[in-house]
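Peer 1: Let me see the structure of the following:
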Amino acid sequence: MKKLVSTLALCAVIAAPAAVYAERGGRADFGAEHALLMQERLAEKIGLSEEQRSQIQVLVENHQSVYPKDREARKAQREALQAIVDAETFDESAARNLFEQGIEQKVAQLKLRHDIAQILTAEQKAQLEEIKQRGKKRFKDKRR
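Peer 2: Numbers count the residues shown, from 1 in each chain. As a prediction, the model looks like this:
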């Protein structure tokens, strides 16, 4: 009887995360709170000063005011891409126009990353690169 109860308890503990994962549609729910927490942890690891944090915050806010994270806009872009694929004739100008909009956003993201990198000291850049390399290694090891 004890063995049965302990086995059932172990199964419940193991199954709980799977149930939560399935309830969310197979995706972990990482929202803005998670992103903020990760940014704070990274800022602590590389030792950002308050001045650097405020400068970075201003850059990010400016970027977000120009390029807001708009799910509806991304959904519309995906639907427009699908419409081009599904059309009887290929509309090259519409495809180019759609990709040009995406390129502008990517360039703006790169500029933001560049501007943030200019705020960091050489030591902080080295620490950040080390953290990135560890993450890449961890990801590579998981995929094996």
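Peer 1: Tell me the predicted confidence for Ile46.
Peer 2: Here, the pLDDT recorded for Ile46 equals 84.
Peer 1: Same question for Glu123.
Peer 2: Looking at Glu123, its pLDDT reads 91.
Peer 1: swap in the one 3 residues further on?
Peer 2: At Ala126, the pLDDT value in this model is 90.
Peer 1: Equivalent analysis for Gln57, please.
Peer 2: 87.
Peer 1: List the contacts of it.
Peer 2: Neighbour list for Gln57: empty [criterion: Cβ atoms under 8 Å, 6 or more residues apart in numbering]. All C-beta spots, glycine's among them, are computed from the backbone N, C-alpha and C.
Peer 1: and with 10 Å instead?
Peer 2: Contact analysis of Gln57 by Cβ atoms under 10 Å, 6 or more residues apart in numbering lists Gln39.
Peer 1: any idea how far the helix ranked longest in the chain is from the chain center?
Peer 2: Using DSSP state H to define each element, the chain has its longest helix at helix 92-119. On the basis of Cα atoms, centre = their mean, to the nearest Å, helix 92-119 sits 16 Å off its chain's mean C-alpha point.
Peer 1: Numbering from 47 from now on, please.
Peer 2: Sure, I'll start counting at 47 from here, so that last one is helix 138-165.
Peer 1: what's the helix or strand just after it packed up against?
Peer 2: Of the helices and strands lying after helix 138-165 in sequence (DSSP states H and E), the nearest is helix 168-189. Helices and strands in packing contact with helix 168-189 are listed as helix 78-92, helix 138-165; criterion 3 or more Cβ pairs under 10 Å, 6 or more residues apart in numbering; DSSP states H and E.
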